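Asker: Sequence and predicted structure, then a few things I'm wondering about:
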Amino acid sequence: MSVSTTNLPPQFEIVDRPLDTQMTISMGPQHPSTHGVLRLELVLDGEMVVKTTPDIGYLHTGMEKLFEYKKYQQGIVITDRMDYLNPLGNNLAYVMAVEKLLALEIPERAQTIRVLMCELQRIASHLVWLGTHALDIGAMTVFFYCFREREKILNLIEAASGGRLTPSYFRIGGLMMDLPPGFERRVKQFTDDFSAAVDEFDSLLTGNRIFQKRTQNVGRISAEDAIDWGLSGPSLRGSGVKLDLRRASPYTGYENYDFEVPIEYDGDVWARYKVRMREMRESHKIVIQALSRLRPGSVKADAPKVVLPDREAMKTHMDALIHHFLIVAEGFDVPAGEVYQAIEASKGELGVYVKSEGGPKPARVHFRGPSFVNLSALPLMAEGAMVADIVAIIGSLDIVLGEIDR
Amino acid sequence: MSNEAQPGADMPVEIVPEQVATPSPPVAALQCEHPDWIVQVIHAFGETTIVVPREHIVAACTFMKNSPELEFNFLADLSAVDRGPEEEPRFEVNYHLFSTTKLHRVRLKVLLHDDDAHVTTVTGVWRTANWHERETYDLMGIIFDGHPDLRRILMPEDSEGHPLRKDFPLRGYEPYSLT
């Protein structure tokens, strides 16, 4: 399709403006501080931001369309690639939605391992946020410290699932397989060291006057605005709204764990920073509790038509072999209906809408990505800020473009 | 309706409002104040769905948000479903409401016909609807009347068609080429 010069999009139109007035510049999509391929169209008056227009879609790969052409169990690997810093959270939201349609009972051990892995993943996700956020603002050392700790978590996830960034560890009806031998010892090793590591990050940034000046009173959003704009997760809790879906509508047994929901009232970048720092400590607490709750047992639901049989059973039982063949070749029927399952992902409310019309493939899958919604509030937060503050505000929202564009 | 609750009956049970033993708060409130705004109530999988006529969706959303016993102040999600080109009505628009104070959820649903896929925007009720509606317009082709900035959001501005419609081919209309 040829584009005529008179039909250019509005941002390319040449407008004659006298000097010393507003200027429109394009930030991104290759800017390293936009955390991916985000383009911002900034209208500047001097160094002050008058208007921000996010331009997204550079990573759009039609994942929601792809779901409709894949069987339910094949959809799990697609979810890994959405929020690639929190793949286990995406796995969990999706499998829980399908499990809700199938009315499956998940065994206790699988639930506990889900909590354990999700909280490890939350820490890993927050570590990437902290490292890149500090790097954006100019503190480079933190980045290396954070990635050192994150590496340990990725090694744990690799040990359990075989994948580091794309684990696909949670399956419909339970887990891919049980934890490997010695896993608990390795997690314990990590948790023993982690408190000291968070103290280290704290000592690098929290008392840092430069960091404070760059973040305090920047990117403010009030509690009413935050709710109106649909902010969720740490971005919402930084504005003084005590809402955590792990407490508000507990899932996978979160009601049995003892943890606090950190909350700050200022609604600025600094408040969101403090919320996430404290959240890492709370997640650390949950990991330790989950570890102590691990009891031997099955990690797969008792649903032979949905859950793949064990390898050993396939070699000795005829019916297990038949079920394995049918699940892999034809998939399993899911009752017709629609569900919306929301979980507290590391960035906020991750909602999955699944509509089934029966049969092995979903009729529609929709993801409510927290990054997508949080980014939509950026123009409000950026109003009146300096150009350099934009970078701090984007960092404090903790966006992942893979989830925004899907 | 008969009470033949068969084990393994996999269709969701559709219940007309009068027959629900204990209607959930949103259904009860809406039924009490504006019974004509309810087309159908569906209870399934522990979730409540209220089908609302298209012309009343903004009023229903405003009521849900402002009613003191409901306080649905948080629009969690807004998305659309294409049932297929041969179905009538073809489109469903789902509004997933959540209350940050009462901690309950409800789904409002609007049914739209293929030849008239228009619905009034709810950006005036929750501003977060802005991007959700842009996405729904971009990928499903539903027009939200009165939306302040209804442009494509994920697809390129010059792309054709709406990819999440069932009659849109998986690989697009034109063969992919880098040249």
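Answerer: Looks like it came in fine.
Asker: Model confidence for the residue nearest to the spatial centre of chain A, exactly?
Answerer: Nearest to the geometric centre of chain A sits A:Asn86, at 4.3 Å (CA atoms, centre = their mean). pLDDT for A:Asn86: 91.
Asker: Do I have it right that it meets A:Glu119?
Answerer: No: counting by CB atoms under 8 Å, A:Asn86 stays clear of A:Glu119, with 11.2 Å between them. (Glycine included, C-beta is placed from N, CA and C.)
Asker: and the gap between the residue nearest to the centre of chain A and chain B?
Answerer: Counting by CB to the nearest CB, to the nearest Å, the gap from A:Asn86 to chain B is 18 Å.
Asker: same question, A:Thr215
Answerer: A:Thr215 is 25 Å from chain B, by CB to the nearest CB.
Asker: Give the burial count for that residue, as a bare number.
Answerer: A:Thr215: 25 surrounding residues under other CB atoms under 10 Å in any protein chain shown.
Asker: For it, give me its contacts.
Answerer: A:137, A:268-270, A:273, A:392, A:396 (CB atoms under 8 Å, 6 or more residues apart in numbering or on different chains).
Asker: Which two of those residues have the greatest separation?
Answerer: Maximum pairwise distance in those, criterion CB to CB, is 13.6 Å, between A:Ile137 and A:Asp268.
Asker: just the CA coordinates of the lengthiest helix in chain B, formatted as CSV?
Answerer: Longest helix of chain B, by residue count under DSSP state H: helix B:129-140. C-alpha atoms of helix B:129-140 as CSV (Å, rounded to 0.1, in the frame of the first residue of the first chain):
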residue,chain,number,x,y,z
ALA,B,129,-11.5,2.4,29.9
ASN,B,130,-9.7,4.6,27.4
TRP,B,131,-7.0,2.2,26.4
HIS,B,132,-9.1,-0.9,26.9
GLU,B,133,-11.7,0.5,24.4
ARG,B,134,-8.9,1.5,22.0
GLU,B,135,-7.6,-2.0,22.1
THR,B,136,-11.1,-3.5,21.6
TYR,B,137,-11.7,-1.2,18.7
ASP,B,138,-8.3,-2.0,17.2
LEU,B,139,-8.5,-5.8,17.5
MET,B,140,-12.2,-6.4,17.3
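Asker: give me the low-pLDDT residue ranges for the chain?
Answerer: Here I'm looking at chain A. A:1-20 (pLDDT under 70).
Asker: Switch to chain B, please.
Answerer: For chain B, the ranges with pLDDT under 70 are B:1-23, B:175-179.
Asker: what residue is smack in the middle of it?
Answerer: Centre-nearest of chain B using CA atoms, centre = their mean is B:Asn94, 1.5 Å out.
Asker: and the host helix or strand of it, C-alpha only, in CSV?
Answerer: Per DSSP states H and E: B:Asn94 is located in strand B:91-98. Written as CSV, here are the backbone C-alpha positions of strand B:91-98 (Å, rounded to 0.1, in the frame of the first residue of the first chain):
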residue,chain,number,x,y,z
PHE,B,91,-20.2,-9.6,19.5
GLU,B,92,-20.1,-9.6,23.2
VAL,B,93,-18.4,-6.7,25.1
ASN,B,94,-17.5,-7.7,28.7
TYR,B,95,-16.9,-5.2,31.5
HIS,B,96,-15.2,-6.7,34.5
LEU,B,97,-15.9,-4.6,37.5
PHE,B,98,-14.2,-4.8,40.8
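Asker: Quick one: list the elements packing against the very next helix or strand once past that strand.
Answerer: Downstream of strand B:91-98, the next assigned helix or strand under DSSP H and E is strand B:105-112. Judged by 3 or more CB pairs under 8 Å, 6 or more residues apart in numbering or on different chains; DSSP states H and E, strand B:105-112 is in contact with strand A:337-345, strand B:47-51, helix B:57-66, strand B:91-98, strand B:118-120.
Asker: Swap in 10 Å and give it another go.
Answerer: On a contact count with 3 or more CB pairs under 10 Å, 6 or more residues apart in numbering or on different chains; DSSP states H and E, strand B:105-112 meets strand A:337-345, helix B:25-33, strand B:40-44, strand B:47-51, helix B:57-66, strand B:74-82, strand B:91-98, strand B:118-120.
Asker: Name the residues of the stretch 1-150 of chain A found near chain B, please.
Answerer: Within reach of chain B by CB under 10 Å from any CB of the partner chain, the stretch 1-150 of chain A has these residues: A:1, A:3, A:7, A:9-10, A:53-62, A:64-66, A:68-69, A:97, A:100-103.
Asker: Restricted to buried residues, select those in PyMOL.
Answerer: Buried subset of the residues of the stretch 1-150 of chain A next to chain B, written as a PyMOL selection, criterion 16 or more other CB atoms under 10 Å in any protein chain shown:
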select buried, chain A and resi 54+55+56+57+58+59+60+62+64+65+68+97+100+101+102
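Asker: shouldn't the residue nearest to the centre of chain B be in contact with B:Leu75?
Answerer: No: judged on CB atoms under 10 Å, B:Asn94 makes no contact with B:Leu75 at a distance of 11.1 Å.
Asker: and the residue nearest to B:Ala117 when sequence neighbours are not counted, how far is that from B:Asp82?
Answerer: Nearest residue to B:Ala117, sequence neighbours excluded (CB to CB, 6 or more residues apart in numbering or on different chains): B:Ile142, at 4.9 Å. According to CB to CB, to the nearest Å, B:Ile142 and B:Asp82 sit 10 Å apart.
Asker: just A:Thr141 next, same as before
Answerer: Distance from A:Thr141 to B:Asp82, by CB to CB: 51 Å.
Asker: okay, the two: which has more neighbours?
Answerer: Counting neighbours by other CB under 10 Å for A:Thr141 and for B:Asp82 shows that B:Asp82 has the greater number, 24 against 12.
Asker: secondary structure element for A:Tyr273?
Answerer: Applying DSSP H and E as the criterion places A:Tyr273 in helix A:269-293.
Asker: C-terminal to that helix, what's the next element?
Answerer: Counting by DSSP H and E, what follows helix A:269-293 is helix A:311-316.
Asker: what helices or strands is that following helix leaning on?
Answerer: Secondary elements touching helix A:311-316 (3+ CB pairs under 10 Å, 6+ apart): helix A:318-330.
Asker: quick one: contacts of the helix it packs on?
Answerer: The contact list for helix A:318-330 (CB atoms under 10 Å, 6 or more residues apart in numbering or on different chains) reads A:71, A:73, A:172, A:303-315, A:317, A:332, A:359-360.
Asker: List only buried entries from those.
Answerer: Taking 16+ other CB under 10 Å as the criterion, what is buried in those is A:71, A:73, A:172, A:303-304, A:306-310, A:314, A:332, A:360.
Asker: Widest-spaced pair of those?
Answerer: Farthest apart among these by CB to CB are A:Asp310 and A:Pro360. That separation is 22.1 Å.
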